[in-house]
Structure formats: C-alpha cells, structure tokens
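J.: following is a predicted model, sequence given first.
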Amino acid sequence: MAYIEMKHSYKRYQTGETEIIANNDINFEIEKGELVIILGSSGAGKSTVLNILGGMDTNDEGEVIIDGVNIADYNAKQLTKYRREDVGFVFQFYNLVSNLTAKENVELASEIVADALDPVETLQSVGLGKRLNNFPAQLSGGEQQRVAIARAVAKNPKILLCDEPTGALDYNTGKQVLQILQDMSRKQGATVIIVTHNGALAPIADRVIRMHDARVKSMDINEQPQDIAALEY
Ligand SMILES: Nc1ncnc2c1ncn2[C@@H]1O[C@H](COP(=O)(O)OP(=O)(O)O)[C@@H](O)[C@H]1O
Ligand SMILES: [Mg+2]
C-alpha cells in the first residue's frame, strides 16, 4: 500500500438545481518522501483534492488513505486532530498573523504539537535567521511565504500541502520557494504536494498528477527530476 492513496473519491456541490462535480472518481497514489505536483487549469478540482487530503474538507464517496488510515471515515474531532498534528499547509497568500513576528507565527504552530521542530532552527533553514523578530509587513512576499513554509514544517507534519505557493511571487522568488520545498522532500524526507496551474513546474517533481475537468488524466513519474536552479519557466 502506498503512503497516500485516493480511491474512487467524489466531491459534489449542489447549487439550486445544478450539481457541480468538483472531484469525479479521483484515483492516485503517492509514496513517502516524494515531491508531487498536481497540475491542472483553474476549476480542474485541484484545491478540492488538496483540502480533502488535508482534512479541511470531506469527500462524499471514496477512500483517502494516509499512512495506512482511511481519513474519509474520520469524524469532525478526529479530523481536527489530524489537521493539527499531521498536516502542514502553505497557501498562495501566506495567511500569516500580522501582529505576530516571524518567530511568533512559527511558534503558533509548533506549540500545538508534541514533536515540533525548533521554530528558530526552522526559520534558519529557510534562510530567515536574521528576520526572526520582523512582522509580516516588514518582509517581502517571498520572505512571508518562507515564514509560512517554516510554520507548516515546524509541526513536523506527515504531509506538507501547498496550494499555488508561488502564485503571488515573482519568478526568482518563486524559484527560491520551490527550492526550499524540493529540499524539504530531498533532504528532510518530507512528503510535499504542490498544486499549480503552471505546467512549467512539472519537471521538478518526482510525480506529476494531471487533472482536467474534475478527473485525473495522467500520473507520471520523473525518474530524474530537474533541479530548480536549471528550471526555466
Ligand atoms: N464551495 C463550493 N461550492 C460550489 N462549487 C465549488 C465549491 N468549491 C469548489 N467548487 C467548484 O468545484 C470545481 C473545482 O474547484 P477547485 O477544486 O477549487 O479547482 P482548482 O483548484 O483546480 O481551480 C470548480 O468548478 C469550483 O467552482
Ligand atoms: Mg485552486
């Protein structure tokens, strides 16, 4: 059994008379420690998949296996515990607490789990050792996103889920953030899943899951993922 498996997963939305199928029989597997890209255009159902994997949303049908457990069977209380202890999230617009420093933002996450990483060391690992006491407004977009990554990583989560993490960043800053995420997988053994609409990012991943119109269209393994430094997009 793979580390993560989605099996025949469906998510439907009812708006008045019409039913929108956001995820239509989604199937894929992911191995521990992989860097995965879920690729697809806007509306393809990518965020829905990510939110279900992270216990932020629930599916209507199908299995969501994480490290041997089907979280689709979890009740609300179990899902809260799962989100808190096992998942790190990184969003397009960082979602930092504006009146807390970089260090305090990371502590907010590390304080809620038992086996957290050291907040200062985690910030140092993303190159922010000199910015510990800065507030988000004093940091660039790329630096804020690195704080958000540190906040997610400090929980030492089973999976790191990133929804369009470079969507608000310029080209070079985006590459720095991708490098950090690739290093998390390669050097720390973290399982990192990145959702993006940018097909040019696909070569950096160990596994690429392509989505279109609520379905998985293909799943490919890159035997030799490209280094970010060599990436042109
Ligand atoms: N809360 C919701 N209510 C109704 N429709 C939704 C809701 N969330 C997502 N959808 C629809 O589900 C589809 C997939 O959305 P989403 O997973 O956000 O796609 P992506 O992240 O690939 O852009 C879209 O058609 C979207 O409009
Ligand atoms: Mg989305």
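T.: Nice, thanks for sending it over. Residues are numbered from 1 along each chain as shown. Ligands and ions are numbered 1, 2, ... in the order given.

J.: could you pull out the strands for this structure?
T.: Taking DSSP state E to define them, one finds strands in the chain at 4-15, 18-30, 35-39, 61-66, 69-70, 87-90, 159-163, 191-196, 207-212, 215-221.

J.: ligand 1 contacts on the protein?
T.: Residues of the chain lying near ligand 1 by C-beta under 6 Å from any ligand atom: 13, 15, 20, 22, 40, 42, 43, 44, 45, 46, 47, 48. The C-beta positions use only the backbone N, C-alpha and C, and glycine is treated the same way.

J.: among these, find me the one that's closest to residue 155.
T.: Of all the residues of the chain next to ligand 1, the one with the least separation from residue 155 (C-beta to C-beta) is residue 47, at 20.7 Å.

J.: helices of the protein, start to end?
T.: According to DSSP state H, the chain carries its helices in the segments 46-53, 76-86, 102-110, 119-125, 141-153, 171-188.

J.: before we move on, back to that, most widely separated two among the residues of the chain next to ligand 1?
T.: By the measure C-beta to C-beta, the residues of the chain next to ligand 1 have their two most distant members at 15 and 40, which lie 21.4 Å apart.

J.: check contacts around the residue nearest to residue 83 when sequence neighbours are not counted.
T.: Of all residues not flanking residue 83 in the chain, residue 55 sits nearest, at 4.5 Å (C-beta to C-beta, 6 or more residues apart in numbering). Counting by C-beta atoms under 8 Å, 6 or more residues apart in numbering, residue 55 makes contact with 71, 74, 79, 80, 82, 83, 87.

J.: ok, now residue 142?
T.: Counted by C-beta under 8 Å, 6+ apart, residue 142 has contacts 169, 170, 173, 174, 176, 177.

J.: now residue 51. Nearest residue, chain neighbours left out?
T.: What sits nearest to residue 51 in space, not counting adjacent residues and going by C-beta to C-beta, 6+ apart, is residue 57, at 3.8 Å.

J.: what bridges to the residue sitting nearest the centre point of the chain?
T.: Within the chain, one residue has its C-alpha closest to the average C-alpha position: by C-alpha atoms, centre = their mean, that is residue 161, at 1.4 Å. Residues in a beta bridge with residue 161, per DSSP bridges, are residue 89, residue 193.

J.: burial count for the residue nearest to residue 174 when sequence neighbours are not counted?
T.: Computed as C-beta to C-beta, 6+ apart, the closest residue to residue 174 that is not its neighbour in sequence is residue 166, at 3.5 Å. Burial of residue 166, expressed as a neighbour count using other C-beta atoms under 10 Å, amounts to 24.

J.: picking that back up, which of the residues of the chain next to ligand 1 count as buried?
T.: Neighbour-count burial (16 or more other C-beta atoms under 10 Å) applied to the residues of the chain next to ligand 1 gives 22, 40, 44, 45, 46, 47, 48.

J.: which one of those residues is nearest to residue 131?
T.: When these are compared for distance to residue 131 (C-beta to C-beta), residue 47 comes out closest, at 29.2 Å.

J.: surely the closest one touches residue 195?
T.: Yes. The pair residue 47 and residue 195 passes the contact test of C-beta atoms under 8 Å, sitting 6.3 Å apart.

J.: overlap of the contact sets of those two?
T.: Here residue 47 and residue 195 share the contacting residues residue 163, scored by C-beta under 8 Å, 6+ apart.

J.: picking up where we left off before, now do the same contact list for the residue nearest to the centre of the chain.
T.: When contacts are counted by C-beta under 8 Å, 6+ apart, residue 161 touches 50, 53, 54, 87, 88, 89, 90, 193, 195.

J.: dump those to a markdown table, plus pLDDT and neighbour count.
T.: Listed next are those as a markdown table, based on pLDDT from 0 to 100; neighbours: other C-beta atoms under 10 Å:
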| residue | pLDDT | neighbour count |
| --- | --- | --- |
| 50 | 98 | 21 |
| 53 | 98 | 22 |
| 54 | 97 | 24 |
| 87 | 96 | 20 |
| 88 | 95 | 25 |
| 89 | 96 | 21 |
| 90 | 95 | 24 |
| 193 | 98 | 25 |
| 195 | 97 | 25 |
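
J.: lovely, talk soon.
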